[in-house]
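*Asks:* Have a look at this prediction, sequence included:
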Amino acid sequence: MRAVDVIRAKRDGRKLDREAVTGFVEGVTSGEWPDYQVSALLMAITLRGMDQEETCWLAEAMADSGRRLDLRGLPGPKVDKHSTGGVGDKASIVVAPLAASCGVIVPMISGRGLGHTGGTLDKLEAIPRFSVHLAPAETIAILSACGCAIVGQSDDIVPADRLLYALRDVTATVESLPLITASIMSKKMAEGLDGLVLDVKTGSGAVATDLEASRALARSLLEAGSKAGLRSRALITDMDAPLGSAVGNAVEIVESIETLKGRGPDDLERLSVRLAAEMIVVAGIAPSLTAAERLARDRLASGAALDRLRRMICGQGGDGRVVDDYGLLPLASGRQVVCAPSDGYVSRLDAGLIGRAAVLLGAGRSRSGDRVDHGVGIMVRAKPGDRVRAGEAVLEILHRDGFGIDAAVPMAVAALEVAEAPPPARPLVFDAFDGCARCQT
């Protein structure tokens, strides 16, 4: 089909056949489809949607647009964990070495921050000399040596996704459910995985801000995984307030290491153990979630997971001494606090606004080419439900010579609400799915 005929068919709400979907992806990758026609089809998909079969065809065609990692030479089950993104979400940095210490091979292709959500690659690059740009052979060597690697998407793995995302970002088509699904799952299909655990966020700091939208995204991702032969599980987890206490890059590295030392925030430790346990079950290493959590907690307590992180850092060229010396990280020295306006309980701490405030400080990007300051960020000193006194610090802002502080402080103030009574407790995990079937949380 001609490009214009494919665009017209989707504009009119018709289902595309596999040949049309594959031809579209091939046209994007080769440059045969010009940007204006690619953008037109992206908007038609956003407005008219795709059914699950079309979405799976799109994900498969995108995965086939470049080379796939061949991990068959590595003994052991290969399972990745993917988060849909949030604020203070450094769980991957804890979960990858934790799952690896339990016998899971974890090849993790991660992304950078854009908008208010932080990127795992940006956080790791706060570590001196840490490299996320590895050739496939280097990634395989690190996986063989320590069981986990967290790398960026290389030019020859799913190039169609990189090209499409650049256009989606500037054409208001980022939020499309089939396009999100195809983008995430195409990369996972290219990783050579046996299984996948999905952490789908819900709340003010998430891509899907309401619970039903998060469930729809989880089901779409799981269906695509099933069609690709991946054993997949998904959790719907809270992102209404930041995860843990640190929001930024270097500050989140510190908090991740502290969690692997058994001294991290309770919510981050509980979520990391649960996600690692899900991966252990998907890998077939433990027969039940209870047994898997017991194994993960044992490896956490023994220091085995921390050792895996140190080895991964060194394997990817980073300075492994940061595990014991946080002074090696580029932490900003400027400090300013946001205080409780009255006595009471923290009733709301809007993750989306906290994330945007951190971006204004330089911790993230408003545009894809923006430079990141790895040392700035925000520390959460009181969480929703905590009792505070008037004038008590709730947020501590780490800034570099005042950059962005005039805009960031009002946004951080707007994120905070204090009430006379504590807010209703929100669960850390709202829902769990094994394949496409809902299961006990």
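*Replies:* Yes, it's here.
*Asks:* where's Y345 relative to P107, distance?
*Replies:* In this view, Y345 and P107 are 43 Å apart by Cβ to Cβ, to the nearest Å. Any C-beta I mention is one placed from the backbone N, CA and C, and that applies to glycine too.
*Asks:* Looking at these two, which is more packed in?
*Replies:* Using other Cβ atoms under 10 Å as the criterion, Y345 and P107 rank with P107 on top: 25 against 18.
*Asks:* Ignoring the adjacent residues along the chain, who's closest to the more buried one?
*Replies:* Sequence neighbours aside, E191 is the residue nearest to P107 in space, at 5.3 Å (criterion: Cβ to Cβ, 6 or more residues apart in numbering).
*Asks:* my guess is that neighbour contacts I109, does it?
*Replies:* Yes. Counting by Cβ atoms under 8 Å, E191 touches I109, with 5.9 Å between them.
*Asks:* Residues that sit against both of the two, list them.
*Replies:* Counting by Cβ atoms under 8 Å, 6 or more residues apart in numbering, the contacts common to E191 and I109 are D80.
*Asks:* Low-confidence stretches in this protein?
*Replies:* Residue ranges of the chain with pLDDT under 70: 113-115, 118, 367-368, 436-440.
*Asks:* what's the domain layout of it?
*Replies:* What the record gives for the chain is the domain set 3-49, 79-325+429-439, 331-419, from automatic domain parsing.
*Asks:* Help me confirm that L42 comes into contact with L163.
*Replies:* No. Between L42 and L163 there is no contact, the gap being 11.1 Å when judged by Cβ under 8 Å.
*Asks:* Show me which of those two is the more surrounded one.
*Replies:* More neighbours surround L42 than the other of L42 and L163, with 23 against 19 (other Cβ under 10 Å).
*Asks:* Give me the distance between the strand or helix carrying the more buried one and the centre of its chain.
*Replies:* Assessed by DSSP states H and E, L42 sits inside helix 35-48. Here helix 35-48 is found 26 Å from its chain centre; the criterion is Cα atoms, centre = their mean, to the nearest Å.
*Asks:* Does anything pack onto it? Which helices or strands?
*Replies:* Under the contact criterion of 3 or more Cβ pairs under 8 Å, 6 or more residues apart in numbering; DSSP states H and E, helix 35-48 touches helix 3-11, helix 18-30, helix 159-170, helix 177-189.
*Asks:* what number of residues lie near T202?
*Replies:* 27.
*Asks:* residues in contact with it?
*Replies:* 208-211, 213-214, 236-240, 430.
*Asks:* Make a ChimeraX selection of the buried ones in the residues you listed.
*Replies:* In ChimeraX syntax, the buried subset of these is picked out as below (16 or more other Cβ atoms under 10 Å):
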select :208,209,213,214,236,237,238,239,240,430
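*Asks:* quick one: which of the contacts of T202 is nearest A286?
*Replies:* Using Cβ to Cβ, T237 comes nearest to A286 of these, at 20.8 Å.
*Asks:* residues in contact with the helix or strand containing that closest one?
*Replies:* Per DSSP H and E, T237 falls inside strand 231-238. Residues from elsewhere that reach strand 231-238 (Cβ under 8 Å, 6+ apart): 194-203, 211, 214-215, 218, 221-222, 225-226, 271, 274-275, 278, 281-282, 426-435, 441.
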